[in-house]
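Q: Give me the fold of what follows.
(one chain, ligands or ions: 2)
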Amino acid sequence: MNATIVLLPGDGIGPEVVKQARRVLEAIAARFGHKFELPEYPIGGNAIDSCGNPLPDETLEACRNSHAVLLGAVGGPKWDDPSAKTRPEAGLLRIRRELGLFANLRPTKTWDELLDASPLRREIVQGTDILFVRELTGGIYFGESGRKPHASGEEAWNVMIYSTGEIERVVRVAAEAARKRRGKLTSVDKANVLEVSRLWRQVAERVVKTEFPDLEYNVVLVDAMAMHLISRPRDFDVVVTGNLFGDILTDEASMLPGSLGLLPSASIGSTGPGLFEPIHGSAPDLVGKNLANPLATILAAAMLLRQSLNLETEAKAIEDTVSRVLKAGHRTKDIAGGGPSIGTTQMGDLVVAGLNS
Ligand code: IPM
Ligand code: MN
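A: Residues are numbered from 1 along each chain as shown. Ligands and ions are numbered 1, 2, ... in the order given. Next up is the predicted model:
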């Protein structure tokens, strides 16, 4: 197969982890006889510095014309000035929107070999396997916003808005996924307070009852979900929710397996290339120290091969290799629990070597 996979290393540890994922993709191409073009383009803070724009036109164009996109991370203290004209994060939000990536898939699975890395007790987290499907191009992230003068200074607002169509399509993605897993779907909202959540609940229920009657379906309020996630995470299979709730719940859920450094994510639309990335950020404190865990990005590359290129065997080869490397006891600092650890590059070396053996 010939495929173009655009790499967007971004800021902070982004370039370090994407470099290891590139080596893994090259190893896959060599082993399975594919030809991958892997061009790199700027996004985020470095793109603001070099082009004055967190998502330069050439970057967007290249992504549109690719088969899939692999992103590192964006943002950092250098671009945090609240009065700045633009921010690195604006580049990420815009690329999601421009590519129509309305569904963000965040699998959260505990690894038996890493149970002690979790801040929660082993008997609570063991066996957790949740797929979050977060709506990604709507809701309060993209609603109208503004500021105006107020007697006390100013007031500011962001509107949370969802249409029937936006809810239907993301619920369908989640329901299809649930069918291929354990057949359970949970929709999370705040329908006891928010009108937008009442519409969400009504539409989600109709879609599931009419199109997916085979699923075991329930609804949970977002505040209760925050609690259930750390008291009985094993009870959930697929969880679908809006943009803001999904952002918050997936960070919380990342602590179940113990480290952000292991969690990949996929953002997909109805057509066109998907965008794959680790769920962690740019980790400014780790930059340039060869400390970052590249496994989340390497696992994101596996998701990319599976979802965008239909290369199941290749995706599985990466996932199995990562599993073997962890089983053999190799750890980057974030998952070493104070024990001996290896660096970003060494972890990449081990995965590449494992793929070649
Ligand atoms: C995420 C991140 C982004 C978000 C930021 C960087 C804009 O937190 O992907 O979860 O809020 O969506
Ligand atoms: Mn987030």
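Q: and residue 93, how far is that from residue 31?
A: Taking Cβ to Cβ, to the nearest Å as the measure, residue 93 falls 36 Å from residue 31. Where you see a C-beta, it was placed from the backbone N, CA and C, and this is true even at glycine.
Q: Over to residue 42?
A: Using Cβ to Cβ, we find residue 42 at a distance of 30 Å from residue 31.
Q: ok, now residue 98?
A: 34 Å.
Q: Next: residue 345.
A: Distance of residue 345 to residue 31, given as Cβ to Cβ: 20 Å.
Q: and if you look at residue 327?
A: Taking Cβ to Cβ as the measure, residue 327 and residue 31 are separated by 21 Å.
Q: how many neighbours does the nearest residue to residue 339 once chain neighbours are set aside have?
A: Leaving out its chain neighbours, the residue that sits closest to residue 339 by Cβ to Cβ, 6 or more residues apart in numbering is residue 331, at 6.8 Å. Residues near residue 331, counting by other Cβ atoms under 10 Å, number 20.
Q: Report the contact partners of residue 331.
A: 337, 339-342 (Cβ atoms under 8 Å, 6 or more residues apart in numbering).
Q: going on from the longest helix seen in the chain, what's the next piece of helix or strand?
A: Longest helix in the chain, counting residues (DSSP state H): helix 14-32. As assigned by DSSP states H and E, the chain's next helix or strand after helix 14-32 is strand 35-37.
Q: could you give me the average pLDDT of stretch 192-203?
A: Stretch 192-203 comes out with an average pLDDT of 98.
Q: Setting aside sequence neighbours, what's the nearest residue to the closest residue to ligand 1 within the chain?
A: Nearest residue of the chain to ligand 1: residue 89, at 3.9 Å (Cβ to the nearest ligand atom). Counting by Cβ to Cβ, 6+ apart, residue 89 lies nearest to residue 75, which is 5.8 Å off, once chain neighbours are set aside.
Q: tally of neighbours for that neighbour?
A: Using other Cβ under 10 Å, residue 75 has 23 neighbouring residues.
Q: Then residue 139?
A: Residue 139, neighbours per other Cβ under 10 Å, totals 24.
Q: quick one on the thing from earlier: distance of the residue nearest to residue 339 relative to residue 126?
A: Note on residue 331: its distance to residue 126, by Cβ to Cβ, is 19 Å.
Q: Equivalent analysis for residue 99, please.
A: 37 Å.
Q: And these two? Which one has more around it.
A: Relative neighbour count places residue 99 above the other of residue 99 and residue 126, with 22 against 15, counting by other Cβ under 10 Å.
Q: hang on, isn't that one packed against residue 270?
A: No: assessed by Cβ atoms under 8 Å, residue 99 is found out of contact with residue 270, at 10.9 Å.
Q: any idea of the pLDDT on the residue nearest to residue 339?
A: Per-residue pLDDT puts residue 331 at 95.
Q: likewise the one 5 residues further on?
A: pLDDT, the model's per-residue confidence, is 90 for residue 336.
Q: The spatially closest residue to residue 189 that is not a sequence neighbour: what's it in contact with?
A: Closest residue to residue 189 apart from its sequence neighbours, by Cβ to Cβ, 6+ apart: residue 197 at 3.8 Å. By Cβ under 8 Å, 6+ apart, residue 197 lies in contact with 189-191, 242.
Q: Just those: which are in helices?
A: Nothing among the contacts of residue 197 maps onto helices, per DSSP H.
Q: and which of those residues is nearest to residue 153?
A: residue 190 (28.0 Å; Cβ to Cβ).
Q: I'd guessed residue 140 sits against residue 159; true?
A: Yes: if you go by Cβ under 8 Å, residue 140 and residue 159 touch, sitting 6.9 Å apart.
Q: which of the two has more neighbours?
A: Shown here are residue 140 and residue 159; by other Cβ under 10 Å, residue 140 has more neighbours (17 against 12).
Q: Regarding the more buried one, what is its secondary structure?
A: Three-state call for residue 140 (DSSP: H, G, I helix; E, B strand; the rest coil): helix.
Q: how near is it to residue 126?
A: Per Cβ to Cβ, residue 140 is found 35 Å from residue 126.
Q: Likewise for residue 120?
A: 10 Å.
Q: This structure: helices as residue ranges?
A: For the chain, the helices defined by DSSP H cover 14-32, 45-51, 57-64, 88-98, 122-125, 164-180, 195-211, 222-231, 243-253, 295-309, 312-327, 344-356.
Q: Just the mean pLDDT for the last one, thanks.
A: Taken as a whole, helix 344-356 carries a mean pLDDT of 97.
Q: again, but for the fourth one
A: Averaging the model's pLDDT scores along helix 88-98 yields 96.
Q: so what's the residue nearest the centre of the chain bridging to?
A: Among the residues of the chain, the one closest to the centroid is residue 265, at 2.8 Å (Cα atoms, centre = their mean). Here residue 265 sits in beta bridges with residue 277, going by DSSP bridges.
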